[in-house]
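Peer 1: Sequence first, then the predicted structure:
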Amino acid sequence: MRHVLLSLFIAGAVTTLAAQAPLTLRDQGGRPFGGTVVGGAATGSLRCDHGYVEWQIPQNPRRVPLLMVHASSTKTWDTTFDGREGFRTIFLRRGFPVYLTDLPRTGRAGQGCAPTSYTPQRNHDQVWFTNWRLGLWLPGDPTPDFYPGVQFPQDADALDEFFRIQYPEFNGPENIAVETAALAVLLSEIGPSVLLTHSSTGIRGWMTVTKSTNVAGIVSYEPGDVVFPEGEVPPPLPRADGMMAPAGRAIPMQDFLKLTKMPIQIVWGDYIPPALDTTNVGPRLSLDGRRINVARARLMTEAINRHGGDATNVILPQIGIRGNTHFPMLDLNNARIADLLSEFLKDKGLDRR
């Protein structure tokens, strides 16, 4: 990777907010990573199942980069819905090299080796407003009801952008295997990095650790799934609709123990039911799903620590940070969420220059 003197002046988003100081970068770029080639030159070939990464490296960078892996949109780590600086720029200002990925078969890495299908969801706006905990938008309601104190900008432009940023997600076992294989290749190229994951990429983070020795730490925001050693998976968890939800996935003990070799922090926002509530069914069932995910994460951190690791499960309202949605890195208080990450990195010795 070339290193050239590159001065990039970033004044923040084009909004009425005050301009930020110029940010000087040493290097930036973008390229595919990982993947494979199907076929050959004589019969026809296809390069596919690669990821795509863009990077920016500030002057006098810290030693350990942040590798930001999104679930539904590159927007996750970029500018906020109201145009303020997101995690990418915040942490560039704090001296961290930042690598931002699209995983295989999504976004700028959409050329897959296998077919995929996409079916539009006609009630997408209503479902995801509720699922991502901005508030409730239930069937028959003409307008959404924001939660009191929610840390989301309640203007029409921000909400319109929120509804438009989601990529189709493909979450089958094959996708997880392809994506984590590509991430392991990327980590072999950029070296030890702190992995930031969100939502459905939570499981990608845990599984990447089983394929790479270059994960220096993981901070996972509201992961959708967790792992346990074979023979130690807890019993299924009761769900509000009477069904039972698996507590997590079993992986070989030797793979699970790799999660004990780096610090891990799992972060949860607000408006997650603290206990099973039988009213959280139908269009509100995703709320109970978040409750179950918190319980899963607590059980996994207990298992990691029981085997000698260093994992914490942080519920933001319990430490006095309130109003956060499923996207705390994009909320109105995202600078405070970034401070929490900086505190973790400092405490674990991952912010050295």
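Peer 2: Good, I have the coordinates.

Peer 1: Helices along this protein, start to end?
Peer 2: Secondary structure of the chain by DSSP state H: the helices cover 87-93, 124-131, 156-164, 173-190, 201-209, 253-256, 285-306, 334-347.

Peer 1: deepest of the ones you listed, which one?
Peer 2: Among those, helix 201-209 has the highest mean neighbour count (mean count of other CB atoms under 10 Å), at a mean of 26. For glycine as for every other residue, the C-beta is placed from the backbone atoms N, C-alpha and C.

Peer 1: on that earlier part again, closest to residue 315 out of the helices of the chain?
Peer 2: Relative to residue 315, the nearest member of the helices of the chain by CB to CB is helix 285-306, separated by 6.8 Å.

Peer 1: now the closest one, how far from the centre of its chain.
Peer 2: 16 Å (CA atoms, centre = their mean, to the nearest Å).

Peer 1: residue contacts, residue 205?
Peer 2: Residue 205 makes contact with 69, 195, 197, 215, 218, 220, 223, according to CB atoms under 8 Å, 6 or more residues apart in numbering.

Peer 1: Quick check: it vs residue 343, distance?
Peer 2: 20 Å (CB to CB, to the nearest Å).

Peer 1: One more: residue 35?
Peer 2: 36 Å.

Peer 1: Then residue 207?
Peer 2: 27 Å.

Peer 1: what does residue 112 give?
Peer 2: 39 Å.

Peer 1: Likewise for residue 42?
Peer 2: 57 Å.

Peer 1: ranges for the strands of the stretch 101-250 of the chain?
Peer 2: Here the stretch 101-250 of the chain has its strands, by DSSP state E, counting those that start in this stretch, at 135-136, 145-146, 193-198, 215-221, 227-229, 237-238, 244-245, 249-251.

Peer 1: and those, which is most packed in?
Peer 2: Buried most deeply of the strands of the stretch 101-250 of the chain, by mean count of other CB under 10 Å, is strand 193-198, with a mean of 26.

Peer 1: what does it rub up against?
Peer 2: Residues outside strand 193-198 that contact it (CB under 8 Å, 6+ apart) are 64-71, 76-77, 87, 99, 187, 204-205, 208, 214-223, 327, 329, 341, 345, 350.

Peer 1: longest strand of this protein?
Peer 2: strand 23-40 (DSSP state E).

Peer 1: got the angle between that one and helix 173-190?
Peer 2: 130 degrees (axes from the mean of the first three to the mean of the last three CA atoms, to 10 degrees).

Peer 1: Show me what strand 23-40 is packed against.
Peer 2: strand 6-8, strand 44-58, helix 87-93, helix 173-190 (3 or more CB pairs under 8 Å, 6 or more residues apart in numbering; DSSP states H and E).

Peer 1: if I read this right, residue 267 contacts residue 340, doesn't it?
Peer 2: Yes: in this structure, residue 267 is within contact of residue 340 by CB atoms under 8 Å, at 7.2 Å.

Peer 1: tell me, what's touching these two both at once?
Peer 2: With CB under 8 Å, 6+ apart, residue 267 and residue 340 have common neighbours residue 314.

Peer 1: Contacts for stretch 107-120, please.
Peer 2: So stretch 107-120 is contacted by 32, 36, 38, 46-52, 73-74, 102-105, 167-168, 170, 174, 178 (CB under 8 Å, 6+ apart).

Peer 1: buried ones in that stretch?
Peer 2: Neighbour-count burial for stretch 107-120 flags 107, 109, 112-113 (criterion: 16 or more other CB atoms under 10 Å).

Peer 1: for these, which one is nearest residue 129?
Peer 2: Set against residue 129, the nearest of the buried residues of stretch 107-120 by CB to CB is residue 107 (22.4 Å).

Peer 1: check contacts around the residue sitting furthest away from the middle of the chain.
Peer 2: Taking CA atoms, centre = their mean, the residue of the chain most remote from its mean C-alpha position is residue 42, at 40.7 Å. Under the criterion of CB under 8 Å, 6+ apart, residue 42 has no neighbours.

Peer 1: Number of residues surrounding residue 73?
Peer 2: Residues lying near residue 73 (other CB atoms under 10 Å) number 20.

Peer 1: Quick check, it in contact with residue 164.
Peer 2: No: the criterion here is CB under 8 Å, and residue 73 misses it with residue 164 at 9.1 Å.

Peer 1: residues contacting residue 139?
Peer 2: Per CB under 8 Å, 6+ apart, neighbours of residue 139: 123, 126, 283.

Peer 1: again but with residue 203, I slipped
Peer 2: 176, 223-227, 249.

Peer 1: so can I have JSON lines of those residues showing distance to residue 239 and pLDDT?
Peer 2: Listed next are these as JSON lines, based on distance: CB to CB, whole Å; pLDDT from 0 to 100:
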{"residue": "176", "distance to residue 239": "23", "pLDDT": "96"}
{"residue": "223", "distance to residue 239": "18", "pLDDT": "98"}
{"residue": "224", "distance to residue 239": "15", "pLDDT": "95"}
{"residue": "225", "distance to residue 239": "15", "pLDDT": "97"}
{"residue": "226", "distance to residue 239": "16", "pLDDT": "98"}
{"residue": "227", "distance to residue 239": "20", "pLDDT": "98"}
{"residue": "249", "distance to residue 239": "17", "pLDDT": "98"}
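
Peer 1: Just give me the closest of those residues to residue 144.
Peer 2: Of the contacts of residue 203, the one sitting nearest to residue 144 (CB to CB) turns out to be residue 224, at 23.0 Å.

Peer 1: nearest spatial neighbour of that closest one, skipping sequence neighbours?
Peer 2: Excluding its sequence neighbours, the residue lying closest to residue 224 (CB to CB, 6 or more residues apart in numbering) is residue 200, at 4.8 Å.
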